[in-house]
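Participant: Quick one: sequence plus predicted model below, questions after.
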Amino acid sequence: MKMRVAIALLLGTSLALSACGKGTSQEAAAPASTGGVDAARIIAAKPAEWLSTGRTYDEQRFSPLSAINQDTVGKLGLAWSADMDTNRGQEATPLFIDGVLYTSTAWSMVKAYDARSGKLLWSYDPEVPRDTLVKACCDAVNRGVAAWGDKLFVGTLDGRLIAIDRKSGRPVWSKVTLDQTKNYTITGAPRVVNGMVVIGNGGAEFGARGYVAAYDADTGAEKWKFYTVPAQPGTEKEPDYLKKAAATWYGQWWKQGGGGTVWDAMAYDPDLDLLYIGVGNGSPWNQAYRSDGKGDNLYLSSIVAVHARTGEYAWHYQTTPGDSWDFTATQHIMLADMEIGGQKRKVLMQAPKNGFFYVLDRTNGKLLSAKNFVPVNWASGIDMATGRPIENPEARYYKTGKPFIGSPGATGAHSWHPMAFDPKSQTVFIPANLAAFPYIPEKGWKANRLGFNVGVDIAAAAMPADKAVRDAAMKATTGALIAWDPVAQKEKWRVSYKGPWNGGLLATGGDLVFQGTATGDFNAYATKDGRKLWSFPAQTGIVAAPISYELDGQQYVAVMAGWGGVWALAPGVLSDKSGPSRNISRLLVFKLDGKAALPPAPPLTAMPLDPPPSTASAAQIAAGAARFGRYCSTCHGDAAIGGSIVPDLRRSAPLNDKATWQMIVHDGALKDNGMVSFASIFSAQEIEDIRAYVIHRANEDKTLESKPNAR
């Protein structure tokens, strides 16, 4: 307990100082397409359209439309909304093509709406098995679809890539892209280049070996595959780039796959025919267990350029060599042409989890500049001669054997939420998180077939039932919208938020920046200085990024609303830093003089905290705490304090009944809700130990809440 209190106090201090499915037709068929989607159409990108997840191949997420501007935004109102048939997180960026809005939802479902009226045209459910959720680190989310020809493409949580007829919503072909016996998932949006659909996968916390692959858009046939981590020596004939990578790995990394999954960011330069991918963290995080505590471990936490037609390696830049903090480089990648040092440069920009903003020459991967955009304590800067971070030795917790309160933490200074770039003002807008994480080395750690396999002691860092400690951590955990000058590498302005995990961004020709927030507001800010000019109460936290489109001469703004993702699950008491957030999943569409209204928000109620008495021994509670921290907290919250999209176990009815608890955890009675059986790794007694721990935690919090002014 003393260690946990100390860790939590350090956390607060550190941050205070730093910071096969079915297509269902609902109406007549969708309006006939006026033309297929191809490279020429995406590159030309009419202002009215949104044909790819980043609007254009450069992923700038900038709409030139300007009818909604600083003078008119005050008249913006809801045009229509559509309720989703899922209460999990909504992270998708919709597409607008020929009068129709297409979006994916949680559980990899896809829907098409008449963009004028909001009528549902069709809905497609790939029927993802709900027990797939145990393989997903961060909710049953999906970030969007891709379009090519007359088809849409979606990657499913269980690893399929599915082509859908854009007009009817019926599946055309389906391709399993990964080994479904292993712990892989897909949550990212595909991209289509040269008639090939490109998709990666996730699973680096669960023992995956990362890769990205391209599939023929017409047939689904695999065209090429690019691995990011070398295989076990002698088992594959590997290309030169993987032979070079193997020299940076040690030990038996292949036993846990190595990680390096390509689960989100991609961008494409059609002139260079280079596809840029962001590569994820190591498996496990702790390099002592992954690679004998040494080596750069290429190509983890790297930006990699590949020749798009062949999948051959072109160049790489590693943002975090030897990553041990979950500092992925899978965050949003943007391309732009800008003048730097008096010279016109083709650049690539990224603000990955590690807290530094990078500008690279995208023709060759040369580092042009890098500065931290939030306070950082794991490194003091980037050495421009080598391109490597200047590390704080204390950050290598597995070498010191001591806890390290890392800032930023594992959720990142910037996570998956898309940035935006305004080419007129040469400004990047970053949805930033200011949240630390206690990295505690776990002695004798061993991988298991279920649960978070990261090699750090999550249970030891659980938040104690101490009001002062909790208040300090809450005060230190915030978020911000940061306007960043990528040439000068400095902040122009910022909007401070109560908490982290605010939505992705859209910049427009009307000199506006749109963003949803964890508090449930959808806001418009002035590009120049960040003044809030308009706000709409969305009734739910918004994490997705908006788009803008034009139809019949009218400009619209659309966003998927629905609180979710890892911050709504894992951080425990910190999940509600922005206020009690609920999930009400909807597609919201706005226009000038829109007159629609949302129905009244349902009351926000919580089950009473009324647990049975805690009668277990201290040893039993401690054993349950260790198992809960490693295997349960990722979904059910740090210290058993649940977020808003899964049951709070402290308040659940099964907590009162041993037999019901065993039916759920041991027998898998709720498998169809995503709660699989843990009988393969836990005995009945070990499951009862977990219940004893949750009962103990519930009683601690009940006592805490009974005190005056307690949180």
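Facilitator: Noted; the coordinates are in hand.
Participant: Which residues does the lengthiest helix in the chain contact?
Facilitator: As assigned by DSSP state H, the longest helix anywhere in the chain is helix 684-706. Helix 684-706 is contacted from outside by 465-467, 609-614, 616, 620-621, 623-625, 627-628, 632, 639-641, 649-651, 655, 658, 661-662, 665-666, 678, 682, 710-711, using CB atoms under 8 Å, 6 or more residues apart in numbering. Yep, even glycine has a C-beta here, placed from its N, CA and C like the rest.
Participant: Of the residues you listed, just the buried ones, ChimeraX syntax please.
Facilitator: In ChimeraX, a selection of the buried entries from those looks like this (16 or more other CB atoms under 10 Å):
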select :465,466,611,616,620,621,623,624,625,627,628,632,639,640,641,649,650,651,655,661,662,665,666,678,682
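Participant: what about the strands in the stretch 301-450 of the chain?
Facilitator: Under the criterion DSSP state E, counting those that start in this stretch, strands of the stretch 301-450 of the chain are mapped to 302-307, 312-318, 333-340, 343-350, 356-361, 367-372, 379-382, 389-391, 404-406, 420-422, 427-434, 437-439.
Participant: For stretch 342-357, what is the distance to the chain centroid?
Facilitator: Mean C-alpha position of stretch 342-357 versus that of the full chain (CA atoms, centre = their mean, to the nearest Å) differs by 20 Å.
Participant: wait, stretch 202-217
Facilitator: Using CA atoms, centre = their mean, the offset of stretch 202-217 from its chain centre is 15 Å.
Participant: now stretch 337-344
Facilitator: The mean C-alpha position of stretch 337-344 is separated from the chain mean by 32 Å, CA atoms, centre = their mean.
Participant: Now go through the contacts of helix 684-706 and say which are in helices.
Facilitator: 467, 620, 621, 623, 624, 625, 627, 658, 661, 662, 665.
Participant: how close does the fifth one sit to residue 640?
Facilitator: Between residue 624 and residue 640 the distance, using CB to CB, to the nearest Å, works out to 10 Å.
Participant: can you check the fourth one too?
Facilitator: Distance of residue 623 to residue 640, computed by CB to CB: 15 Å.
Participant: Helix or strand for the closest residue to residue 37 other than its chain neighbours, just tell me which one.
Facilitator: Spatial nearest neighbour of residue 37, excluding adjacent residues (CB to CB, 6 or more residues apart in numbering): residue 147 at 4.4 Å. According to DSSP states H and E, residue 147 maps onto strand 146-148.
Participant: got the contact list for that strand?
Facilitator: 36-38, 51-53, 95, 97, 102, 152-153, 166, 189-192, 195, 197, 217.
Participant: What's the first helix or strand after it?
Facilitator: strand 151-155.
Participant: How about the contacts made by the residue located most distally from the centre of the chain?
Facilitator: Using CA atoms, centre = their mean, the residue of the chain lying farthest from its centre is residue 615. It sits 39.7 Å away. Applying CB under 8 Å, 6+ apart to residue 615 gives no contacts.
Participant: what's the burial count for residue 341?
Facilitator: For residue 341, the neighbour count with other CB atoms under 10 Å is 8.
Participant: Can you tell me how far it is from residue 491?
Facilitator: Separation of residue 341 from residue 491 (CB to CB): 20 Å.
Participant: likewise residue 102?
Facilitator: From residue 102 to residue 491 the distance is 36 Å (CB to CB).
Participant: same thing with residue 265?
Facilitator: 22 Å.
Participant: before we move on, what about residue 111?
Facilitator: When residue 111 is compared with residue 491 (using CB to CB), they lie 38 Å apart.
Participant: between the two, who's got more neighbours?
Facilitator: residue 111 (25 against 16).
Participant: Strands along the stretch 1-150 of the chain, start to end?
Facilitator: 22-25, 62-63, 76-83, 95-97, 100-104, 110-114, 120-125, 146-148.
Participant: now those as a markdown table including mean pLDDT and distance to residue 455?
Facilitator: Compiled in a markdown table, those are given as follows (pLDDT from 0 to 100; distance: least, CB to CB, whole Å):
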| stretch | mean pLDDT | distance to residue 455 |
| --- | --- | --- |
| strand 22-25 | 52 | 41 |
| strand 62-63 | 98 | 40 |
| strand 76-83 | 98 | 41 |
| strand 95-97 | 98 | 39 |
| strand 100-104 | 98 | 33 |
| strand 110-114 | 98 | 37 |
| strand 120-125 | 98 | 37 |
| strand 146-148 | 98 | 35 |
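Participant: out of the ones you listed, which comes closest to residue 584?
Facilitator: strand 76-83 (8.0 Å; CB to CB).
Participant: helices and strands around the closest one, which ones?
Facilitator: strand 532-537, strand 586-592 (3 or more CB pairs under 8 Å, 6 or more residues apart in numbering; DSSP states H and E).
Participant: most packed of those strands?
Facilitator: strand 586-592 (a mean of 23; mean count of other CB atoms under 10 Å).
Participant: I'd like to check the angle between it and strand 532-537, please.
Facilitator: Interaxial angle of strand 586-592 relative to strand 532-537 (axes from the mean of the first three to the mean of the last three CA atoms, to 10 degrees): 140 degrees.
Participant: Can you give the strand pairings for strand 586-592, parallel or anti for each?
Facilitator: strand 76-83 (antiparallel), strand 554-561 (antiparallel) (DSSP bridges).
Participant: Which of those strands sits closest to residue 236?
Facilitator: strand 554-561 (39.9 Å).
Participant: List the contacts of the nearest residue to residue 395 once chain neighbours are set aside.
Facilitator: Using CB to CB, 6+ apart and skipping residues adjacent in sequence, the residue nearest residue 395 is residue 378, 4.1 Å away. Counting by CB under 8 Å, 6+ apart, residue 378 makes contact with 325, 354, 355, 389, 391, 392, 395, 404, 406, 407.
Participant: can you pull up the bridge partners for the closest residue to residue 73 other than its chain neighbours?
Facilitator: Among residues not flanking residue 73 along the chain, residue 534 sits closest, at 4.6 Å (CB to CB, 6+ apart). According to DSSP bridges, the residues that bridge with residue 534 are residue 524.
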